[in-house]
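>>> Following is a predicted model, sequence given first.
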Amino acid sequence: MRPPLHKSGNSHNRPAAIGKFLSLKLMLPIALLISVCVIAVAQYHQSITYFLRPLWDTPPKPFTRIPHYYAPNTSMAELCKLHGWRALSSPRRVFDAVLFNNELDILEIRYRELFPYVDKFVILEANATFTGIPKPLSFSQNLKRFAFARSKIVYDRLPISRLDPESRRQPFDVEASHRRALNALLRRSGIAAGDVLIMADADEIPSTETVQLLRWCDGVPPVMHLELENYMYSFEFPVDHSSWRATAHLFNERTGYRHSRQSDLILADAGWHCSFCFREIREFAFKMKAYSHADRVRRESFLDPARIQRVICSGDDLFDMLPEEYTFRDLFKKMGPIPSSASAVHLPSYLIKNADRFRFLLPGGCLRSE
């Protein structure tokens with residue numbers, strides 16, 4: 001009888017080899033999936049972060065809104081009384097302080113609108129942006145355009161050097177240094193205790209009704225924010241009433257120029273904030289690269305003139321970003337293009353009276369020159 005045949009060593013190893021082969025087949029797609037996820041997170045990190053913001057961020061404390069009353073042909077005594085205040089025997093002085101970049105059209109509308117009610121326009125301009133990009137002194141070069149307000153303008157230039165790429169100075173730090181310089185300019189402007197100081201960016205325009213309340217009413221809070229109607233690209237695209245950074249102060253020795261939260265009080269319906277409201281495409285591209293959030297320009301194609309023109313006529317986002325919201329409800333509500341409006345009611349009166357000059361800021365005027 002023949003002895004039984006023994007299986008070779010290879011036969012014993014076959015299940016292990018098959019197992020290794022199957023493990024390798026499983027590992028390849030898993031590795032591929034992980035690689036894709038890593039690339040996606042790297043490329044879309046900002047979008048993912050904004051989408052998940054309701055999970056990781058906490059909304060700020062809500063403001064206490066002060067109702068805003070106004071009707072034509074109503075005396076200041078009546079309007080002050082409606083707000084729970086009383087009228088002064090003579091108006092306070094008003095100082096309007098802004099940091100200026102390149103918003104010449106919006107600044108002219110601001111100054112023309114507020115000229116009868118503001119005693120001093122305090123304006124600081126730098127020769128470089130917050131991101132260190134050299135820029136012309138646009139206001140200085142266009143003084144003739146603002147000759148109507150020359151007697152009220154307190155102007156200064158802030159020379160800054162281009163940022164070193166290796167420097168730890170970030171755009172927000174540079175912006176803070178601008179605001180400190182504006183504080184010094186305010187002290188030189190002649191402002192005194194009890195005067196009204198409006199702190200805002202050039203494109204945050206308080207209404208004349210708001211300024212009149214600040215001038216004439218005794219009892220206004222010493223510091224309050226101004227709730228502005230938020231617009232994007234022009235007054236054709238109203239976003240919401242979420243603009244709150246502009247503030248009104250009764251000046252004292254401790255008052256400092258800031259563009260952050262300083263009070264829990266906010267005056268409702270106090271004016272307009274028209275962001276990225278430029279006449280020419282090149283101005284859009286310049287601001288996209290120049291302001292403190294310049295890191296949002298993730299691709300060079302974002303600066304393509306044809307794309308910018310398409311975006312500002314459709315109401316889409318210049319940076320292809322999701323809305324900055326604290327709840328998924330608000331996030332989904334604001335996703336997609338901003339709905340356009342055909343209304344040009346309750347806008348700055350100077351804008352309406354000079355509509356031919358500023359057609360690009362009104363409904364139907366989205367086409368810009370390059």
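Yep, it's here. Numbers count the residues shown, from 1 in each chain.
>>> right, and Arg53 touches Glu325 too?
Yes: contact status for Arg53 versus Glu325: in contact at 6.8 Å, counting by Cβ atoms under 8 Å. Bear in mind the C-beta positions are built from the backbone N, C-alpha and C, glycine included.
>>> SS state for Lys289?
helix (DSSP: H, G, I helix; E, B strand; the rest coil).
>>> Which residues are in contact with it?
The contact partners of Lys289, by Cβ atoms under 8 Å, 6 or more residues apart in numbering, come to Thr129, Thr131, Ile133, Val297, Leu303.
>>> Who wins on neighbours among these?
The most neighbours of any of those, using other Cβ atoms under 10 Å, belong to Thr129, which has 24 neighbours.
>>> got the contact list for that one?
Asn101, Lys135, Lys289, Ala290, Tyr291.
>>> Redo those as CSV? Include distance to Gly365 and pLDDT.
Below are those laid out as CSV (distance: Cβ to Cβ, whole Å; pLDDT from 0 to 100):
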residue, distance to Gly365, pLDDT
Asn101, 22, 90
Lys135, 26, 88
Lys289, 25, 83
Ala290, 24, 77
Tyr291, 24, 66
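>>> Tell me how many other residues surround the residue nearest to Ile153 when sequence neighbours are not counted.
Closest residue to Ile153 apart from its sequence neighbours, by Cβ to Cβ, 6 or more residues apart in numbering: Phe121 at 5.0 Å. Neighbour count of Phe121, defined by other Cβ under 10 Å: 24.
>>> who does the helix or strand encompassing Phe121 touch, helix- and strand-wise?
Applying DSSP states H and E as the criterion places Phe121 in strand 120-126. The contact analysis (3 or more Cβ pairs under 8 Å, 6 or more residues apart in numbering; DSSP states H and E) places strand 120-126 against strand 94-100, helix 138-141, strand 153-158, helix 171-188.
>>> where are the low-confidence patches of the stretch 251-370 of the chain?
291-295 (pLDDT under 70).
>>> hey, where'd the helices end up in the stretch 1-150 of the chain?
Assigned by DSSP state H, counting those that start in this stretch, the stretch 1-150 of the chain shows helices spanning 9-43, 45-51, 53-56, 76-82, 104-114, 138-141.
>>> any idea which of these scores lowest on pLDDT?
Of all these, mean pLDDT reaches its minimum on helix 9-43 (a mean of 60).
>>> ok, back up a step: dump the C-alpha coordinates for the strand holding Phe121 into PDB.
Extracted as PDB, the C-alpha positions of strand 120-126 are listed here (Å, rounded to 0.1, in the frame of the first residue of the first chain):
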ATOM      1  CA  LYS A 120     -16.300 117.700  10.700                       C
ATOM      2  CA  PHE A 121     -15.500 114.900   8.300                       C
ATOM      3  CA  VAL A 122     -12.400 113.100   9.700                       C
ATOM      4  CA  ILE A 123     -10.800 110.900   7.100                       C
ATOM      5  CA  LEU A 124      -7.500 108.900   7.200                       C
ATOM      6  CA  GLU A 125      -6.000 107.400   4.000                       C
ATOM      7  CA  ALA A 126      -2.900 105.100   3.700                       C
END
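>>> In this structure Phe284 contacts Asp304, no?
No: Phe284 is not in contact with Asp304 according to Cβ under 8 Å; the separation is 11.0 Å.
>>> out of the two, which sits in the more crowded spot?
Between Phe284 and Asp304, counting by other Cβ under 10 Å, Phe284 is the more crowded of the two (22 against 14).
>>> Now the more buried one: closest residue in space, sequence neighbours ignored.
Ile308 (5.0 Å).
>>> Could you check how many residues crowd around Asp156?
Neighbours of Asp156 under the rule other Cβ under 10 Å: 15.
>>> Spatially, which residue comes closest to Asp105, not counting chain neighbours?
Per Cβ to Cβ, 6+ apart, closest to Asp105 is Arg279, 5.5 Å.
>>> what's the pLDDT at Ser8?
50.
>>> Can you tell me how far Ala128 is from Met288?
16 Å (Cβ to Cβ, to the nearest Å).
>>> Grab the most central residue of this structure for me.
For the chain, the residue sitting closest to the mean C-alpha position, by Cα atoms, centre = their mean, is Ser275 at 6.2 Å.
>>> residue contacts, that one?
Asp203, Asn230, Tyr231, Met232, Tyr233.
>>> Which stretches in the stretch 201-350 of the chain count as strands?
204-206, 217-218, 223-232, 238-243, 247-250, 265-275 (DSSP state E, counting those that start in this stretch).
>>> just to revisit the earlier point, would you tell me which one of the contacts of Thr129 comes nearest to Glu209?
Nearest to Glu209 among these, counting by Cβ to Cβ, is Asn101 at 27.0 Å.
>>> how near is the closest one to Leu124?
Distance from Asn101 to Leu124, counting by Cβ to Cβ: 11 Å.
>>> Next: Ile109.
19 Å.
>>> more neighbours, these two?
Comparing Ile109 with Leu124 by other Cβ under 10 Å, the one with more neighbours is Ile109, at 26 against 23.
>>> Was I right to think the more buried one contacts Ser349?
No: counting by Cβ under 8 Å, Ile109 does not reach Ser349; the two are 9.7 Å apart.
>>> List the contacts of Leu158.
By Cβ under 8 Å, 6+ apart, Leu158 lies in contact with Leu124, Glu125, Ala126, Asn127, His178, Ala181.
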